[in-house]
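Just the structure for this:
(2 chains)
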Number of protein chains: 2
Amino acid sequence: MSQQHLLSPMLSPKSLAIIGASGDKAKISFKPIANLKDVGYEGEVYLVNPKYDEIEGYTCYKDIDSLPSSIDLALISVSASKVKGILDELYKKKVKSVVTFSSGFTEIGEEGAKMEQELTEFSRESGIPICGPNSLGLFNFKERAIVSFSSLKYGQYDPVAFITQSGALGTLTYTMAKENGLGFQYFVSSGNEACVDFFDYVQYFAEQGDIKVIGGYLEGARDFEKMDTAIKACHQTDTPLVLIKVGNSAKGADAASSHTASMAGNANIYHSYLQQNNVVRVGDEEELIDTLAVFNKTSKPINPGGTVIVTQSGGAGILMADQFEVRGIELAELREDTKSALKDSLPAFASIKNPVDITAQVNQNPDQIIDSLNILLNDDQVQSIILYLQMTDEPFKPIISKLSQIAQEANKIFILCWSGIEQQTKDKVIDERNICWLPTPTRAANALANVLGYYRSQEQSSKGTSSSLQKQFDYHPIRGKQNEWESKQLLQSYGVTVPANTIVKSLEDIKSISLKFPLVIKALSSEIAHKSEYGLVKLNIASLEEAENAYCEIIENSNKYFPEKRLDGVLVEEMADRGIEVIIGAVQDELFGPSIMFGLGGVFIEVLKDVTFMPAPLTEKEAMRMIQSIKSYPILEGARSQVKYDIPALADALVKISHFCKTHTDSLEELDINPLIVHKEGGGVTAVDAFIVGKK
Amino acid sequence: MSQQHLLSPMLSPKSLAIIGASGDKAKISFKPIANLKDVGYEGEVYLVNPKYDEIEGYTCYKDIDSLPSSIDLALISVSASKVKGILDELYKKKVKSVVTFSSGFTEIGEEGAKMEQELTEFSRESGIPICGPNSLGLFNFKERAIVSFSSLKYGQYDPVAFITQSGALGTLTYTMAKENGLGFQYFVSSGNEACVDFFDYVQYFAEQGDIKVIGGYLEGARDFEKMDTAIKACHQTDTPLVLIKVGNSAKGADAASSHTASMAGNANIYHSYLQQNNVVRVGDEEELIDTLAVFNKTSKPINPGGTVIVTQSGGAGILMADQFEVRGIELAELREDTKSALKDSLPAFASIKNPVDITAQVNQNPDQIIDSLNILLNDDQVQSIILYLQMTDEPFKPIISKLSQIAQEANKIFILCWSGIEQQTKDKVIDERNICWLPTPTRAANALANVLGYYRSQEQSSKGTSSSLQKQFDYHPIRGKQNEWESKQLLQSYGVTVPANTIVKSLEDIKSISLKFPLVIKALSSEIAHKSEYGLVKLNIASLEEAENAYCEIIENSNKYFPEKRLDGVLVEEMADRGIEVIIGAVQDELFGPSIMFGLGGVFIEVLKDVTFMPAPLTEKEAMRMIQSIKSYPILEGARSQVKYDIPALADALVKISHFCKTHTDSLEELDINPLIVHKEGGGVTAVDAFIVGKK
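Okay, the predicted model is just below:
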């Protein structure tokens, strides 16, 4: 049975049991009962507490054993140490899923972690999914199943699902969204995630069909495969995923680990991974709800084109235009007929350029706004419209319902940014469920930029990009440090070009080499670092005589500086053609597994930190996205030297190296190719130095 | 009489006249009367309108001639074409200052611009300062002088002055600030700035003494000298200036020019200039009011140290810590005695690290929060504290007054971020005038980062840095394009090192040169670009024979490719020592005048756009700040090559070049030194190529 079916009883429960229900209104275990009552849950409700016969009209059972069998969801709100015993009892009654508010698990230390481990094992063995522990609860508002002790305000809801790893920030986000007219159909506080994790919920919602957009607050994922599968499910079903991902800094991660004992993973890999998989990453809870609102309340534009700003304040127009410039969002070039129609319908002093400044004079005749919007909606150069109004509640109240109609009928994104209005006006706007209202120019511009960026990336990437390995590769466990020759042999076995080379162990060997001059000659040892500094690398060897001298010098220097180190011989290589130097590396990340790093060599990595990461393996497309995502990418395209480098060969090498790393997940510790030379177009690449370390 | 005295009657008027006052409550010219009445202005009020004897109890005069003499401020609210006539009448009555709401000037086109020019001239000749035209008005709330038709809410005020070039965004900012408990003592809508401009007001407020912080919305300055003087006045009086500066993008600037007909200047120069002068630049009106609130409502910390986050939500703690990491704000390392005291005073599950997670258990005993804050205030490693609370209005209401006391007594920055609260709770917090309350974690973190960044920069820069020229320099007007030799002569006359060189005009000349080999030989012509590509530059000339050959080839290529172009001879130079290549340029900016550009050569400028700008002239300190502000600065310090380059000599060259540019403001069009070679430490710099263009 797949995970999504397992989660149905939890997220769409037809029957509910509350273990430890209390009739004492001051107690936390009374709250869920009140919540269910308040919103009018229509499923069965069973309470368990020997002290009561009924609470709020729901029958109260004396123990779990007295409950009917096969209840969809049981809510446990008892002290941590009692949870496991209750689970065992619930198992006997064939309960289908569990949510537990109980705290006192991993978040309090070792003892709690041990109890939490018992829950994890129980869930795995029994197949019963558990939300929590240490969860604020969850709800499905469509089915009025509120399983939470939080006193949240309920009401209208939108096809939006929200998952949070922080109960507190989750309720804040919920509250703020509600105030701005956005209701969540699903809300899940995932707690300590002893069993069901953040991305299990994401995948469930992505596949529900009735959810338009998913939002979340994420401190860290626990399982890369689950994350990757869930994100690809979002991609497949065109369900945008909008995340606050915290723990980006050393400091942030520190705080994260004390909070939910979650692995923060590597911030850089997260950054690249989420970006390259079109997850919309936002900075805070305001940007989150704004972005969810635009995804939810506006139509995906059916034509390309740019954005029009229609504004009553020139200043607000410039603020938004600035923001669009920063975010790479195009302002629309209005068609000539659009401009002349606008000129006819707007006051004399209005500015017909984009931003369209409708001036304060429209206060006298607000229908001019409606006319202008209709003109702009007919312009196929226009993909989205932000209407900015400010205060002047009274003059504009009459057009609210007309704006709602426009919002409903538009096949473009339409956002109303109406700032500084009274609560009563805001309520009226929000009551029109169609209007996407946002409070300030910058917030409106950012949310729109997020959404347009998502649509653009979604269009660019064809569906079904899969990074699963298409074939089996050779696997030989890597043990300890590999010397340069061994490292290059490994790379070569995966199809990465390395220079023609041979190992020589005596002066005699040198005489019989059949390599093409010029050569490079290096000491071969996995135990010696910084070889150049000790005269152990000789470049540009042009003749046999030079080669012999080089050999002798290297042996001499090796004996002199490193008498104790193991020398595996001397490596003689053909010198690679010229090109541009890049670095390809790999690290093992606790979450992402083997992850590939890429950047241009020298100052670009060392000073400018211009690198990108992606978990292995890479598809050709992902490799291209990595290459294009660094700031110095134009250099590879010839921006500086007029030489276009062999980017396809570089992408191919990244893919092959990523396959090597993925295949050797279990034994690879670290990989460093520095440099890999990318030759000019058609010339391929050569890994001229390489260093692979296996796990001990 | 200095400008600030001139502005006193406008910004602290003891008597007011309203020309064209109306008794019709629906009319815009009734509003200012109502506003004055409502807030209880205590100065004299004179209305002018022949139709009334009195309005709202104020006497109404039949014409301007009937008014008493020497009124402080006259408000004009009539159609544009009548304004000039009224000004002439007011002049006769010795009115001291004017504000005019009238629109229909520069913002509507040429005809309006002409009328506005008349206002400018009137003001210059009469010495009467005018606010506007096209202004929403201004007010001084301390003296209850509200000179505006806006229906703003008045009430408590703070020692904050605010100036806006957009009336609409200004009123929105005012309204939002008021909602968050911040009142402006001064508010100025500067309108079209026909006479008094944005920075005149800034300077006035900086020198007032009773203003703690100045905020503003700026589209563009009109006069660099005024801007520079005002900003330095802020610096001198320790008055932070917090600005939204829009028009950063091509698009933004486009919108700006249609809005206030203001010069946007060059966005890059603005950016560098404001940053290097410690002007706090914010992104939008929310960040503006938040930052003003922190400056206004918290104490400048008396000790160094870091920030402590005290949070009820782990998630909010991480969000803020992330933000601090991005902004370079240090989290405090708590002292051991602080930690143990916190452990004693907080609930068992609290996390005593920073962020300090006080958990939801403090809801039971909110005094634990007060105890913790008192402990942290005693830790000299702590410079600032953010307390994050969320919802749970009821439990925490009793400690609001205690928080206020802490805020009042703290000699550190103390911010209360209490999210998701009811309006009533918020009102209670705001009524405690001492508490700096901010609504969300990210907003709190950003505002604090802005303020700490300001204090840090203020500390680092000693006062009184002046960029005025200390001595007179040679000035010879530059006419048209200078050839390389002429350009280098000009630079050399300002003390910039150029290679030893000579001009040769025949093969005979070559034989008698007394320069040191190796040499560089180039065609000398201001009319030929891309010399290298046509074989007109020969490097690394090691002998006389090579020099003769080079000379001949250059003459030959010049005749072949550019028979029509003027050749001024052949330039023979000693080849400069090695070093790192930088580019120093200068452009003429409409606002900033001659402005210096600096960056590393090659990819750093061309691909990575890693450059900085500053208006000339530069002090040594400013030059150092410029050099340090580029991303690739570590390369100059030897991050890559282990070679430390001669940074002091580079700074010295920047200063000298800036003096050259400033001195030649009137005749310089463009300057380009590409490259200037910076030699290793102690080796100085050499301008190896230079190109100066004078105005035609």
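
Need the residue closest to the centroid of chain A.
Of all residues in chain A, the one closest to the mean position by CA atoms, centre = their mean is residue A:274, 3.2 Å from it.

and that residue, backbone torsions?
Dihedral pair for residue A:274: phi -70, psi -40, per degrees, to the nearest 10.

is the top helix by length along chain A up against chain B anywhere?
Counting residues, the longest helix in chain A under DSSP state H turns out to be helix A:441-460. Yes. For helix A:441-460 and chain B, the contact criterion (CB under 8 Å from any CB of the partner chain) is met by A:441, A:442, A:443. C-beta here means a position set from N, CA and C on the backbone, and glycine is covered the same way.

circling back to that earlier point, hang on, isn't the residue nearest to the centre of chain A packed against residue A:281?
Yes. Because the distance of 5.4 Å satisfies CB atoms under 8 Å, residue A:274 is recorded as touching residue A:281.

what touches both of those two?
Counting by CB atoms under 8 Å, 6 or more residues apart in numbering or on different chains, the common neighbours of residue A:274 and residue A:281 are A:243, A:245.

Can you name the residues that contact the residue nearest to the centre of chain A?
Residue A:274 neighbours (CB under 8 Å, 6+ apart): A:243, A:245, A:281.

Name the helix or strand for the last one, please.
It stands for residue A:281. strand A:280-282 (DSSP states H and E).

other SSEs contacting that strand?
Here strand A:280-282 touches strand A:241-245, helix A:267-276, helix A:285-297, helix A:441-460, going by 3 or more CB pairs under 8 Å, 6 or more residues apart in numbering or on different chains; DSSP states H and E.

Residue ranges of each domain in chain A, please.
For chain A, automatic domain parsing gives the domain ranges A:1-128, A:152-297, A:304-460, A:500-574, A:580-694.

Smallest distance to chain B belongs to which residue of the stretch 1-150 of chain A?
residue A:108 (5.8 Å; CB to the nearest CB).

Look up the closest residue to that residue, ignoring the ones flanking it.
Excluding its sequence neighbours, the residue lying closest to residue A:108 (CB to CB, 6 or more residues apart in numbering or on different chains) is residue B:349, at 5.8 Å.

Please apply the same query to residue A:141.
Using CB to CB, 6+ apart, the closest residue to residue A:141 is residue A:157 (4.3 Å).

tell me the contacts of that neighbour?
Counted by CB under 8 Å, 6+ apart, residue A:157 has contacts A:141, A:142, A:183, A:184, A:185.

Neighbour-wise, give me the winner out of these.
residue A:184 (25 neighbours; other CB atoms under 10 Å in any protein chain shown).

contacting residues for that one?
A:141, A:157, A:158, A:160, A:161, A:162, A:174, A:177, A:215.

Assign a three-state SS to the fourth one, would you?
The one in question is residue A:160. Assigned with DSSP: H, G, I helix; E, B strand; the rest coil, residue A:160 falls in the strand class.

how about the residues of the stretch 51-200 of chain A near chain B?
Selection of the stretch 51-200 of chain A residues close to chain B by CB under 8 Å from any CB yields A:103, A:107-108, A:164-172, A:175-176.

Would you point out the most distant pair within those residues?
The most widely separated members of these are A:108 and A:176, with 29.6 Å between them, by CB to CB.

Next to chain B, which bits of the stretch 301-450 of chain A? Give me the list.
Counting by CB under 8 Å from any CB, the residues of the stretch 301-450 of chain A near chain B are A:312-319, A:321-322, A:324-326, A:331, A:349, A:351, A:353, A:355, A:357, A:360, A:390-391, A:419-420, A:440-443.

for residue A:550, helix, strand, or coil?
With three-state DSSP as the criterion, residue A:550 reads helix.
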